[in-house]
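Asker: Need coordinates for the following:
(one chain, ligands or ions: 3)
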Amino acid sequence: MTHLVTVLGGDGIGPEVTDAAVRVCQAVTTADQITWTNASFGGNTFLEEGSAFPDDTQAACKESSAVLLGAVGLGETLPPGAKRPELGLLELRGALGTFANIRPVKPFPSLFDMSPIRPELLEEVDILFVRELTGGIYFGEKTRTATTASDLCVYTEGEIERIVTMATEFSRDRRKKLTSVDKANVLETSRLWREVTSRTAKAVCPEVELEHLLVDAMAMYLLKRPADFDVIVTENMFGDILTDEASMLCGSLGMLPSASIGEGTGLYEPIHGSAPDIAGQGIANPCGTILSAAMMLRMSLGQPDVANAIEAAVEATIDAKVLTPDLGGKATTKEMTDAIIKRLG
Ligand SMILES: NC(=O)c1ccc[n+]([C@@H]2O[C@H](COP(=O)([O-])OP(=O)(O)OC[C@H]3O[C@@H](n4cnc5c(N)ncnc54)[C@H](O)[C@@H]3O)[C@@H](O)[C@H]2O)c1
Ligand SMILES: CC(C)[C@H](C(=O)O)[C@@H](O)C(=O)O
Ligand SMILES: [Mg+2]
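Answerer: Residues are numbered from 1 along each chain as shown. Ligands and ions are numbered 1, 2, ... in the order given. As a prediction, the model looks like this:
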């Protein structure tokens, strides 16, 4: 069976890193296995077509086995009042029903010295963030007058149950420890989150040890004792912020991949953005996107062996010190990608 994969390069370094990931995948799969199609998406598409997420792109994504995304965003360069292309990304996630964003954080030993955290604290780090992705403050009603603005944060019991069920199942198959992060000392949505999480985790797998932490303390523990965490489940905005912080355990924001899964087609995207400060220079770290493509091969395209081979080639390339500047090296995106392809065997 041929799988259709829609590639949304997007803006800034987005197309640079998706091109790299597609080249890696094409080196280990055949045209009979995967048909790759590019579709327009993001800020430049908004400027050209008036929509960051046009209808034909939406249709292509829904018909695909998986979507590979680079990044969206033109930074602060849009005309005042223009709709932000980042909202197109939220529409995409909503349209595909990808309510769970899985962000693994497992530092490569050869990059320990690129992390601001002491190496001895990184040795056993293996965290799986499960971020709720289609609810909360990102998706609530927004209002704006000249002097007042509001963003409504809403969570339903059902939205919390489904993400916590998934996170508990991941914990059951890993080290049986689940940390739920909220702000239940202040937010009503967090109080509901905590209640529903306690009863859902217990019902799904009583053997999983559940702890609740407040997000401000979690931000500190992530740096102080990162090896203590197994699966971390949290709501949309806290998950966004904590995972950028967690990327520093791996040495660069450019290292972290993600899988957004849920009701239908899976969406695979690095956690970083369009990086306008380095776009067009050919020096973006392609690893987050290449590792996202590996997650796609494992989770949506039924090719776990190929995924393992790609992950091993990324690690071997890092061990060989072929590194982009964010990792302290001098390699271009193309040179690092070529080095990964060479190590695929
Ligand atoms: N999923 C997404 O599409 C996504 C995610 C985050 C931010 N954004 C958007 O991206 C734009 C820029 O945002 P930002 O600057 O705050 O965040 P960013 O993630 O784009 O960049 C933050 C810093 O990390 C560096 N960086 C990021 N990815 C890198 C990579 N692969 N290799 C090397 N260095 C890398 C950048 O050069 C920059 O210094 C904004 O419009 C924002 O909304 C999009
Ligand atoms: C661009 C933005 C909407 C997005 C988010 O906050 O989800 C990004 O930061 C991410 O982490 O994918
Ligand atoms: Mg983010």
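
Asker: what residues does the protein put near ligand 2?
Answerer: Within reach of ligand 2 by C-beta under 6 Å from any ligand atom, the chain has these residues: 73, 86, 89, 240, 271, 273. C-beta: built from backbone N, CA, C; applies to glycine.

Asker: Among the residues you listed, which ones are in helices?
Answerer: The helices, defined by DSSP state H, take in 86, 89, 240 from the residues of the chain next to ligand 2.

Asker: would you list these in CSV and tack on neighbour count and pLDDT?
Answerer: Below are those laid out as CSV (neighbours: other C-beta atoms under 10 Å; pLDDT from 0 to 100):
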residue, neighbour count, pLDDT
86, 18, 88
89, 24, 97
240, 18, 98
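
Asker: In JSON lines, list these along with distance to residue 44.
Answerer: Compiled in JSON lines, those are given as follows (distance: C-beta to C-beta, whole Å):
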{"residue": "86", "distance to residue 44": "13"}
{"residue": "89", "distance to residue 44": "14"}
{"residue": "240", "distance to residue 44": "23"}
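
Asker: elements contacting the helix or strand that contains residue 242?
Answerer: Following DSSP states H and E, one finds residue 242 within helix 236-247. Helix 236-247 makes packing contacts with strand 100-105, strand 127-132, strand 177-182, helix 215-224 when contacts are defined by 3 or more C-beta pairs under 8 Å, 6 or more residues apart in numbering; DSSP states H and E.

Asker: buried ones in that helix?
Answerer: Neighbour-count burial for helix 236-247 flags 236, 237, 238, 239, 240, 242, 243, 246, 247 (criterion: 16 or more other C-beta atoms under 10 Å).

Asker: Determine the longest strand present in this structure.
Answerer: strand 3-10 (DSSP state E).

Asker: can you give me how far that strand is from the chain middle?
Answerer: Per C-alpha atoms, centre = their mean, to the nearest Å, the displacement of strand 3-10 from the mean C-alpha position of its chain is 16 Å.

Asker: Sheet partners, orientation included, of it?
Answerer: Using DSSP bridges, strand 3-10 pairs in its sheet with strand 34-38 (parallel), strand 66-71 (parallel).

Asker: Centroid-nearest residue for this protein?
Answerer: With distances taken as C-alpha atoms, centre = their mean, the chain has residue 258 as the residue nearest its mean C-alpha position (3.1 Å).

Asker: Who are the contact partners of that one?
Answerer: When contacts are counted by C-beta atoms under 8 Å, 6 or more residues apart in numbering, residue 258 is found next to 101, 102, 103, 243, 268, 269, 270, 271, 292, 295.

Asker: Please tell me I have it right and the fourth one contacts residue 272.
Answerer: Right, residue 243. No: with contacts defined as C-beta atoms under 8 Å, residue 243 does not count as touching residue 272, sitting 10.2 Å away.

Asker: shared neighbours of these two, which are they?
Answerer: By C-beta under 8 Å, 6+ apart, residue 243 and residue 272 have these common neighbours: residue 256.

Asker: can you give me the offset of stretch 62-81 from its chain's centre?
Answerer: Centroid separation between stretch 62-81 and its chain, computed with C-alpha atoms, centre = their mean, is 14 Å.

Asker: closest point of the stretch 1-150 of the chain to ligand 1, which residue?
Answerer: Relative to ligand 1, the nearest point of the stretch 1-150 of the chain is residue 73 (2.3 Å; C-beta to the nearest ligand atom).
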